[in-house]
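Chemist: Sequence and predicted model, in that order:
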Amino acid sequence: MPKEGKNITENVNTPPGTATHVGDKKMENAKLTYTKYNKEKIDRKNIKDIDEFINDQETDKVKWLNITGLQNTELIENLCQALDIHPLVIEDIVNTGQAAKYEDYEQYLFLNTKSIVFNKEDELDTEQISFLLFKDQLISFQESESSIFSPLNKRLAEGTYIRKNKADDLLYGLLDTVVDHYFIVMEKIGDEIDLVEDELLSDPNKDVLHKIYTLKRELIFIQNTLWPMRNVLNTLSRNESDLIDERTNRYFQDVYDHAIQMIDLTETYRDISSGMLDTYLSSISNKTNDVMKILTIYSTIFIPLSFLAGVYGMNFKYFPELNWKYSYPVFWLVSIFITIMMIRFFKKKDWL
Amino acid sequence: MPKEGKNITENVNTPPGTATHVGDKKMENAKLTYTKYNKEKIDRKNIKDIDEFINDQETDKVKWLNITGLQNTELIENLCQALDIHPLVIEDIVNTGQAAKYEDYEQYLFLNTKSIVFNKEDELDTEQISFLLFKDQLISFQESESSIFSPLNKRLAEGTYIRKNKADDLLYGLLDTVVDHYFIVMEKIGDEIDLVEDELLSDPNKDVLHKIYTLKRELIFIQNTLWPMRNVLNTLSRNESDLIDERTNRYFQDVYDHAIQMIDLTETYRDISSGMLDTYLSSISNKTNDVMKILTIYSTIFIPLSFLAGVYGMNFKYFPELNWKYSYPVFWLVSIFITIMMIRFFKKKDWL
Amino acid sequence: MPKEGKNITENVNTPPGTATHVGDKKMENAKLTYTKYNKEKIDRKNIKDIDEFINDQETDKVKWLNITGLQNTELIENLCQALDIHPLVIEDIVNTGQAAKYEDYEQYLFLNTKSIVFNKEDELDTEQISFLLFKDQLISFQESESSIFSPLNKRLAEGTYIRKNKADDLLYGLLDTVVDHYFIVMEKIGDEIDLVEDELLSDPNKDVLHKIYTLKRELIFIQNTLWPMRNVLNTLSRNESDLIDERTNRYFQDVYDHAIQMIDLTETYRDISSGMLDTYLSSISNKTNDVMKILTIYSTIFIPLSFLAGVYGMNFKYFPELNWKYSYPVFWLVSIFITIMMIRFFKKKDWL
Amino acid sequence: MPKEGKNITENVNTPPGTATHVGDKKMENAKLTYTKYNKEKIDRKNIKDIDEFINDQETDKVKWLNITGLQNTELIENLCQALDIHPLVIEDIVNTGQAAKYEDYEQYLFLNTKSIVFNKEDELDTEQISFLLFKDQLISFQESESSIFSPLNKRLAEGTYIRKNKADDLLYGLLDTVVDHYFIVMEKIGDEIDLVEDELLSDPNKDVLHKIYTLKRELIFIQNTLWPMRNVLNTLSRNESDLIDERTNRYFQDVYDHAIQMIDLTETYRDISSGMLDTYLSSISNKTNDVMKILTIYSTIFIPLSFLAGVYGMNFKYFPELNWKYSYPVFWLVSIFITIMMIRFFKKKDWL
Amino acid sequence: MPKEGKNITENVNTPPGTATHVGDKKMENAKLTYTKYNKEKIDRKNIKDIDEFINDQETDKVKWLNITGLQNTELIENLCQALDIHPLVIEDIVNTGQAAKYEDYEQYLFLNTKSIVFNKEDELDTEQISFLLFKDQLISFQESESSIFSPLNKRLAEGTYIRKNKADDLLYGLLDTVVDHYFIVMEKIGDEIDLVEDELLSDPNKDVLHKIYTLKRELIFIQNTLWPMRNVLNTLSRNESDLIDERTNRYFQDVYDHAIQMIDLTETYRDISSGMLDTYLSSISNKTNDVMKILTIYSTIFIPLSFLAGVYGMNFKYFPELNWKYSYPVFWLVSIFITIMMIRFFKKKDWL
Ligand SMILES: [Mg+2]
Ligand SMILES: [Mg+2]
Ligand SMILES: [Mg+2]
Ligand SMILES: [Mg+2]
Ligand SMILES: [Mg+2]
Ligand SMILES: [Mg+2]
Ligand SMILES: [Mg+2]
Ligand SMILES: [Mg+2]
Ligand SMILES: [Mg+2]
Ligand SMILES: [Mg+2]
Ligand SMILES: [Mg+2]
Ligand SMILES: [Mg+2]
Ligand SMILES: [Mg+2]
Ligand SMILES: [Mg+2]
Ligand SMILES: [Mg+2]
Ligand SMILES: [Mg+2]
Ligand SMILES: [Mg+2]
Ligand SMILES: [Mg+2]
Ligand SMILES: [Mg+2]
Ligand SMILES: [Mg+2]
Ligand SMILES: [Mg+2]
Ligand SMILES: [Mg+2]
Ligand SMILES: [Mg+2]
Ligand SMILES: [Mg+2]
Ligand SMILES: [Mg+2]
Ligand SMILES: [Mg+2]
Ligand SMILES: [Mg+2]
Ligand SMILES: [Mg+2]
Ligand SMILES: [Mg+2]
Ligand SMILES: [Mg+2]
Ligand SMILES: [Mg+2]
């Protein structure tokens, strides 16, 4: 089952701007990766001290700081306060329980997004990925180490097209990666639907019910995650902030298209799951009906015959049939006749 | 079961502005707590006479009057009339049956909000909390004594950040506390859903049905309470009243975010509950089907055997088989053969 | 069952403005009550001739004409034509089949509203109450005599606050009375829901089904009546007509709030009713399952035993067991053993 | 069953403006009725040649040409081309498969409306009625001969009020007639619902299921027909075309009100039908449960008794009870005791 | 079952503008058909080299390049780059997994549309058809060879009306053809619904369930395909691009009308399918009930009779009835009496 509404009370009744980490404890220490690049050169290293990033005076490069691990709230608070980030934003960065959001603080944009993954227990879970976009800086915050940004890091290293552009284009690249991840989850769910559908139409057993139920839960979870993502991407593609180049808007529109495609697919899958449940319910009713028919056929054929046998098992002293010579073969003829009539009746009723 | 639509006729056919208390009788006497503070100093006391608040001429402090208990309508009327509050507002303060609302009367803002609690009978119930916000005064009205504002009182006493700000920030603090309370209720319901879900998938008995039904009722109740709250908070975060500082809007936006998160969670939980009910219904059908199968298997095996035994229990005088030497063992062989054929048949039908 | 879509063809294929009474025939003769008042004085009498109202030249008083009974269409037509009312309005006044509506004809406002009542057969029915508001005149049209306006008449007579104001305030008072009436119906339905809910959870019999069905029908009926009412009241509270004082808008807003409260309650009750029906369906399935279990337990225990008894009732000549000394007590031991095994099996299956 | 989506491929892959008749073949030849009138005079005749209408130079009269029968597409094309009608409009006039629509071509308005009828096979079907409104001309196109316009023709002949007005008022009169026709259909369906409801609550048999299904189909059909009609009428009532007098808008608003009333009634009837289906399903479950109970009561009483009789029918040589003197009456006493215990058990279970 | 969400991961984690073909592999090589025409002349040929199209300097003709087969992405990339098409558009042309869309790039319009077909396995599938519209050029991209554009090619060849117009009118012609194709699919589904409905009401077997399920899946698929098409066509009919003549808008409006008609029909068919499923479920319950009745009637008649026969088959020594002279005929009389009473009981219960 997907994880919904977990740890929601951790940040309750605290003053505004309290940076309490809300969510699963995934990484105790934060990992800071600092990447600087321009068309000519790319430089990538792990740093220990945030000052290395804050005090970097170089101006002709895109500077990307990726922070993995949200439990070290002190480090994140220090970084954000040094950059004059609104306390409520700091609170949101470390609170993994809320929906995706977009906030424009003029000096910077704050984006909270959700990646979707199957965790170790094969449950659907979200990974929160937040972004702070400045003129030529981008800071990204991830809950835990994952390979989600590897393809983009590879593209950066290979010096393709992407290094010519600004921080807003890097943000696009990262968001594209996040949304592309949904395709992978959706394909897995699509495959599961195909399997369950086959099982449903060939052999509808109890496992099918459990599987349909799990699918429905997962689809509700994905839909609830995607809708706020959709709004964030829509806002970005219509963005008028100075921090985002007009030319980049079309690219955000493209990511938005993909989010829409996922939402449509989720709705379709939900419709299909509901259809499967209805069909499952009908199948059980059908099966019960079949079982009933067999029982009824057997009973209605043998009950009168047994009664007849019972009659001639009675011990009355004055009982003419008992002494007739052909009683026994006549009994069998009568039994066969009754059986044939019954079978005809059931054939007419279309039960056989 | 949650309490819905209770005491709704108490205020019927009265003239406009009639301050009739509508709701459960919780506190006969009102309790007035008067808190005054600025950055330097905080002063907190229980008062008996509203004049102590009305006639207070001090101007450099935030003045917060908290009234607990709505049955003493006379006191509330006197207070409000002294402050020139619209009669319809007075009526709304003591009428706990209506939804949350926001009204701007220029000189003051009127806010009616709902906190949600499990009452003594473990039923969900709302507690109405109303606010009148003036330039540097805030009056809050609660239905009954609760610890809901304790964390905030503690923060005020400790002289944190909050004491630097105005009455609008105090209002934010109180509203944040009210909304945070929903998280606690929602977590409890989330836990209940997990329990019922486990029970449903392992052992779906009649209690599960009752529990699902109660969950659905509670979620309808929460959703109906939250939607108007959401609208109130949305209006506040877009507020243009002079009584609210522009800077505070972002904070109301944060509370609004939390309300949205609760609404989303409520909808998710409703979807899950509906799924559980469908699954429950399918389980019962499944179980009936299983019971039917056992009955049918037994009957279809033994009915023909019993008939056969009945046949050889008949007392016909001319009955050749009765006198054959191996009739009895042959009878058993035939019985065993029929049983095996039947079992094969059911194996083929996948019932065994 | 509520009365829906009755007599809808009575006004078909007539020219526009044909004043055909559409609805139940409730009162053959109209009753005209004429009330005049100002702060100082109130005058109330039944009149026979509409000229008494039309030709009244007094200007410093609010003039309210209440007409009860819509079957005397001639009288209503004469009155309206004398006041230069649009023919389509006249048609609407006597046609009780349509939804509530608001129309601004500049010289006057036309309001068509619906009160809701349980009629003599305890069926939900609407009573149409129309209003024509002029500068200092108000004409109200009721389908039949009811006590709905008594509280207001009493307040007018007692010379309270209300007499200081104009005709628009009188309209507010009457509308408030009409909407307040819904509370009474809703409380009755809320009580019925509580009763049915108790019955459902303790002893779900066939009556419950009928009651749930009736509740659902009634709630559909109320919702369909309330939605247009809500629109009428919303329009009034945002009104910019010269006939309504700005100050009165807040009062209409208050009535609108109450209508919203009723609509929310109706939706909640509909959700609850649907939940009750699902629960009822599940209960029957549960009961069928229980019945099946008892039958199956009995059958599976006794069928093999009966077979055994049948076997030893066979009349074979060569039948060794019949002559053994301990056959009979062994038969009982075997029977008891089978019974115990079966009971264990059912215990394991959790049926006992 | 209503006729939906019939003959929809007849006009596929043809060039735009191809006047292919799409729909049931109802009338091979068209019938042209030409009516001219003003306040003083009315003239009405069947014509053969469209030139009689086109070349009519008289200017002080309203000219109404009604064409019945859409299969003679050549005639319709000639007429429309002579009046310079857009080819796509001509296509729409003879294509009866599309929804109602409104199109403003400045020189003329094109209106496509749908009347609803029970056809000869008692299936719901639509009749398309199109209008071309010019300054003082109106052309109407009907699929087949019907009496739908008779009341209006009568009113025209009688020289009432209507003859004083222009072509737009004639259009209003015809549309009012078309919409009034829905009331007749809806009343028939309302009566059917009452009948089915009675049957459902007294004796829910299989016919009821079929009837509910048919009702639901018919209501879907009506709703789908009415929604576009509603939009057409709404556009008309807000019309700003020079072809329609401002004064007439209120009259179109009145027709629009009636359409809304029908739509509301249709939604109500759909809700009721759904409720009836749920109730029907519950009734069957109830009945199955009742049948099961009877079977179970019988079986559980007689199965142990039959076993006992079987026991004493065994032929063991050493069988003490067989020789006791009071065995037989004791057997009956035991049987009666068992029966009483069983009946008590079922009474306790509330099955009897 | 229709094909939904297939191959959705093929384009994941690639840089923006990567022209990866996403979809079924249908044609390895692309086929280029180049058509040039004006009022006087039409010229149509297959070309191998895109330069033949790009370098064509003729200006007084409409130039239409139709490319069939999307797997040769290199060719498509070269063509698009030569015409300065945005990389994201190129990506969309070869990605068949997304919904229909409309994008205005000022120099050209990009349209992505979906045709719907039953593929070789009789599964519903979409065929993507994209368009690039320039001032007097149109490029169309199809997934595979189909006869969809044949009627239009024929009309062009025959030199009708269409050759007088510009590229925007050609686009209209092609879109009209695409939308007309939906009618054919919908008619097939309509026929299937009629068949299933007949089967459902006459003989509801398991196949019906499967068929209803497939219908529902197909209708979900069609609806999801049509909604974005509807938006594309709506945008076109309101278009203000210089590339589309104002006069053509009405024609796009006509195609839009047809799309709306299809959407309405799809919704109607979905409603009908849901109704059929409910009815199917009710039928099974009905049938189970009938089977139960027969079993119960048989059992309740014969069980007491068999018991009686068992009683007189007991071997008690002291058993008075056994020796009475008329015991046996009395036994039959009693049996007949019991049978008659039972039948009466069932007649009263309305089971016979
Ligand atoms: Mg907090
Ligand atoms: Mg998480
Ligand atoms: Mg992407
Ligand atoms: Mg699939
Ligand atoms: Mg949503
Ligand atoms: Mg794209
Ligand atoms: Mg009141
Ligand atoms: Mg309360
Ligand atoms: Mg909070
Ligand atoms: Mg959970
Ligand atoms: Mg709501
Ligand atoms: Mg926040
Ligand atoms: Mg009329
Ligand atoms: Mg009425
Ligand atoms: Mg009121
Ligand atoms: Mg209650
Ligand atoms: Mg509605
Ligand atoms: Mg109020
Ligand atoms: Mg259902
Ligand atoms: Mg065509
Ligand atoms: Mg037709
Ligand atoms: Mg009418
Ligand atoms: Mg009725
Ligand atoms: Mg609709
Ligand atoms: Mg009217
Ligand atoms: Mg990509
Ligand atoms: Mg495809
Ligand atoms: Mg077309
Ligand atoms: Mg059909
Ligand atoms: Mg949609
Ligand atoms: Mg058309």
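Modeler: Cool, got the structure. Ligands and ions are numbered 1, 2, ... in the order given.
Chemist: check contacts around the residue nearest to A:Ser274 when sequence neighbours are not counted.
Modeler: Sequence neighbours aside, A:Lys216 is the residue nearest to A:Ser274 in space, at 7.7 Å (criterion: CB to CB, 6 or more residues apart in numbering or on different chains). In this view, the C-beta of every residue, glycine as well, is placed from N, C-alpha and C. If you count contacts by CB atoms under 8 Å, 6 or more residues apart in numbering or on different chains, A:Lys216 has them with A:Arg270, A:Ser273, A:Ser274, A:Leu277, B:Asp271, B:Gly275.
Chemist: how about JSON lines for those residues, with secondary structure, distance to B:Glu74 and neighbour count added?
Modeler: Formatted as JSON lines, the entries for the contacts of A:Lys216 read as follows, by DSSP: H, G, I helix; E, B strand; the rest coil; distance: CB to CB, whole Å; neighbours: other CB atoms under 10 Å in any protein chain shown:
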{"residue": "A:Arg270", "secondary structure": "helix", "distance to B:Glu74": "55", "neighbour count": "18"}
{"residue": "A:Ser273", "secondary structure": "helix", "distance to B:Glu74": "59", "neighbour count": "25"}
{"residue": "A:Ser274", "secondary structure": "helix", "distance to B:Glu74": "56", "neighbour count": "16"}
{"residue": "A:Leu277", "secondary structure": "helix", "distance to B:Glu74": "58", "neighbour count": "22"}
{"residue": "B:Asp271", "secondary structure": "helix", "distance to B:Glu74": "47", "neighbour count": "19"}
{"residue": "B:Gly275", "secondary structure": "helix", "distance to B:Glu74": "51", "neighbour count": "22"}
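Chemist: between those, which is nearest C:Leu124?
Modeler: Ranked by distance to C:Leu124 (CB to CB), these are led by B:Asp271 at 32.2 Å.
Chemist: which non-adjacent residue is nearest the closest one?
Modeler: Nearest residue to B:Asp271, sequence neighbours excluded (CB to CB, 6+ apart): A:Ile220, at 4.9 Å.
Chemist: backbone phi and psi for the one you found, please?
Modeler: A:Ile220 has phi and psi values of phi -60, psi -40 when expressed as degrees, to the nearest 10.
Chemist: need the residues of chain A near ligand 3, please.
Modeler: Within chain A, the positions near ligand 3 by CB under 5 Å from the ion are A:Asp176, A:Asp180, A:His258.
Chemist: Looking at these, which are in helices?
Modeler: A:Asp176, A:Asp180, A:His258 (DSSP state H).
Chemist: The second one contacts E:Val12, doesn't it?
Modeler: Yes - with contacts counted by CB atoms under 8 Å, A:Asp180 reaches E:Val12, the gap being 4.4 Å.
Chemist: quick one: the residue nearest to A:Ser274 from E:Lys101, how far?
Modeler: From A:Lys216 across to E:Lys101, the span is 30 Å (CB to CB, to the nearest Å).
Chemist: what does A:Leu70 give?
Modeler: A:Leu70 sits 37 Å away from E:Lys101, taking CB to CB as the criterion.
Chemist: again, but for A:Lys31
Modeler: 40 Å.
Chemist: higher neighbour count, these two?
Modeler: When A:Lys31 and E:Lys101 are compared on other CB atoms under 10 Å in any protein chain shown, the one with more neighbours turns out to be E:Lys101, at 20 against 16.
Chemist: Might you report the residue contacts of that one?
Modeler: For E:Lys101, the contacting residues are A:Asp257, E:Asp92, E:Phe110, E:Leu111, E:Asn112, E:Pro228, E:Val232, by CB under 8 Å, 6+ apart.
Chemist: can you count the residues close to the third one?
Modeler: Burial of E:Phe110, expressed as a neighbour count using other CB under 10 Å, amounts to 20.
Chemist: Shouldn't it be within a strand?
Modeler: Yes - with the criterion set as DSSP: H, G, I helix; E, B strand; the rest coil, the secondary structure at E:Phe110 is a strand.
Chemist: From A:Leu171, how far off is A:Glu52?
Modeler: A:Glu52 is 22 Å from A:Leu171, where distance means CB to CB.
Chemist: which one of those two has more residues nearby?
Modeler: Neighbours were tallied for A:Glu52 and for A:Leu171 using other CB under 10 Å; the higher tally belongs to A:Leu171 (24 against 13).
Chemist: coming back round to it: JSON lines please, covering the contacts of A:Lys216 and showing pLDDT.
Modeler: Conversion of those to JSON lines gives the following (pLDDT from 0 to 100):
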{"residue": "A:Arg270", "pLDDT": "94"}
{"residue": "A:Ser273", "pLDDT": "94"}
{"residue": "A:Ser274", "pLDDT": "91"}
{"residue": "A:Leu277", "pLDDT": "91"}
{"residue": "B:Asp271", "pLDDT": "92"}
{"residue": "B:Gly275", "pLDDT": "91"}
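Chemist: Can you pick out the most distant pair from those?
Modeler: In the contacts of A:Lys216, two members sit farther apart than any others by CB to CB. They are A:Leu277 and B:Asp271, at 12.9 Å.
Chemist: mind checking the SS state of the residue nearest to A:Phe53 when sequence neighbours are not counted?
Modeler: With CB to CB, 6+ apart as the measure, A:Leu65 is the residue that lies nearest to A:Phe53, at 4.9 Å, once sequence neighbours are left out. Classification of A:Leu65 into helix, strand or coil gives strand, according to three-state DSSP.
Chemist: Would you enumerate the residues in contact with A:Leu65?
Modeler: Counting by CB under 8 Å, 6+ apart, A:Leu65 makes contact with A:Leu32, A:Thr33, A:Tyr34, A:Thr35, A:Phe53, A:Gln137, A:Leu138, A:Ile139, A:Ser140.
Chemist: For the fifth one, what are phi and psi?
Modeler: What that stands for is A:Phe53. Taking degrees, to the nearest 10, you get phi -80, psi -50 for the backbone angles of A:Phe53.
Chemist: Contacting ligand 22 as well, which ones from the ones in helices among the residues of chain A next to ligand 3?
Modeler: By CB under 5 Å from the ion, no member of those lies near ligand 22.
Chemist: from the stretch 51-200 of chain A, which residue is nearest to ligand 21?
Modeler: Nearest residue of the stretch 51-200 of chain A to ligand 21, counting by CB to the ion: A:Glu197, 37.9 Å away.
Chemist: Could I get the contacting residues of A:Lys188?
Modeler: A:Lys188 sits next to A:Phe118 when contact means CB under 8 Å, 6+ apart.
Chemist: That one sits in which helix or strand?
Modeler: Here A:Lys188 sits within helix A:167-202, counting by DSSP states H and E.
Chemist: and which of the ones in helices among the residues of chain A next to ligand 3 is nearest to A:Asn239?
Modeler: Distance to A:Asn239 across these (CB to CB) is lowest for A:Asp176, with 15.6 Å.
Chemist: For A:Ile116, pull up the helix or strand it's in.
Modeler: Per DSSP H and E: A:Ile116 is located in strand A:109-118.
Chemist: ok, the residue of the stretch 201-350 of chain A at minimum distance from chain D to ligand 8 distance?
Modeler: With distances taken as CB to the nearest CB, the stretch 201-350 of chain A approaches chain D most closely at A:Gly313, which sits 6.9 Å away. Summarising the geometry, the distance separating A:Gly313 from ligand 8, computed by CB to the ion, to the nearest Å, is 74 Å.
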